[in-house]
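Participant: just to be clear, the model below is a prediction. Sequence and coordinates:
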Amino acid sequence: GAVVSQHPSRVICKSGTSVKIECRSLDFQATTMFWYRQFPKQSLMLMATSNEGSKATYEQGVEKDKFLINHASLTLSTLTVTSAHPEDSSFYICSAAKPNSGEKLFFGSGTQLSVL
Amino acid sequence: DQQVKQNSPSLSVQEGRISILNCDYTNSMFDYFLWYKKYPAEGPTFLISISSIKDKNEDGRFTVFLNKSAKHLSLHIVPSQPGDSAVYFCAATYSGNTGKLIFGQGTTLQVKP
């Protein structure tokens, strides 16, 4: 199967700092990547769609100025949580659609963010 | 508005028996459904999917059934193995909406040896 790499796997930071999470498609080019968030014992919620070379599309209720997404190449998308607060603590997961795989998404291993 | 619902938060079965995980949806536009398996602190891994033109899809020990009139799908695992213990998410989408998967809340399956 396709491989999507996400880094870091875990980060602990102080309130007010910014955190960058990287998502890479290792064996295919992804024009579109997706960022999800999962709170404990809840569903995965789509935050935004990252489009290579253009602006990300954010879901309703997601602050675009707080969650900065950059998709500078066909294999890399980054999510930066700016001025993180404790309520941003969550499990962030990226995913990518591999060409010719239909609607199936391949997910990264996730990043557990803890804001103190 | 929870468009995809997994009403059973947990399920426990004995090794070798059948596991049946259920999922209901409300949006009649959904025409493609997927099941993912997830371990703690890891990303979901794809298990099996089904298109709305079918009512059954089988892959080894895993079978997904779709009942469009009831807006219901289920995942059957038989025989269940201890390694199947994980959280199972069903997800739905519709044609042209690539990547925008709507997930259920997940069901934690425990398979006891």
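Facilitator: Perfect, thanks for sending it.

Participant: in contact with B:S19, which residues?
Facilitator: B:11, B:13, B:75-78, B:80, B:84, B:109, B:111 (CB atoms under 8 Å, 6 or more residues apart in numbering or on different chains). No exception for glycine: its C-beta is placed from N, CA and C like everyone else's.

Participant: run the last query once more with 10 Å
Facilitator: B:S19 is in contact with B:11-13, B:61-62, B:75-81, B:84-85, B:88, B:107, B:109-111, counting by CB atoms under 10 Å, 6 or more residues apart in numbering or on different chains.

Participant: same check, this time on A:C23
Facilitator: A:4-7, A:30, A:33-35, A:50, A:69, A:71, A:75-79, A:92-96, A:107-108, A:111.

Participant: chain neighbours aside, what residue packs nearest to it?
Facilitator: A:C94 (3.4 Å; CB to CB, 6 or more residues apart in numbering or on different chains).

Participant: list the beta-bridge partners for that neighbour.
Facilitator: A:W35 (DSSP bridges).

Participant: in strands, which of the contacts of A:C23 fall?
Facilitator: Among the contacts of A:C23, the subset assigned to strands under DSSP state E consists of A:4-7, A:33-35, A:50, A:69, A:71, A:76-79, A:92-96, A:107, A:111.

Participant: now these: which count as buried?
Facilitator: Those of those that meet the buried threshold are A:4, A:6, A:33-35, A:50, A:69, A:71, A:76-79, A:92-96, A:107, A:111, by 16 or more other CB atoms under 10 Å in any protein chain shown.

Participant: next to chain A, which bits of chain B? Give me the list.
Facilitator: Within reach of chain A by CB under 10 Å from any CB of the partner chain, chain B has these residues: B:2, B:4-6, B:9, B:31-34, B:36, B:38-46, B:49, B:51, B:87, B:89, B:91-106, B:108.

Participant: in ChimeraX, how would I select the buried members of those?
Facilitator: Buried residues among the residues of chain B next to chain A (16+ other CB under 10 Å), as a ChimeraX selection:
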select /B:4,5,6,31,32,33,34,36,38,42,43,44,46,49,87,89,91,92,93,94,98,99,100,101,102,103,104,105,106,108
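
Participant: out of the residues of chain B next to chain A, which sit inside strands?
Facilitator: Short answer: the residues of chain B next to chain A in strands (DSSP E) are B:4-5, B:32-34, B:36, B:38, B:45-46, B:49, B:51, B:87, B:89, B:91-93, B:102-103, B:108.
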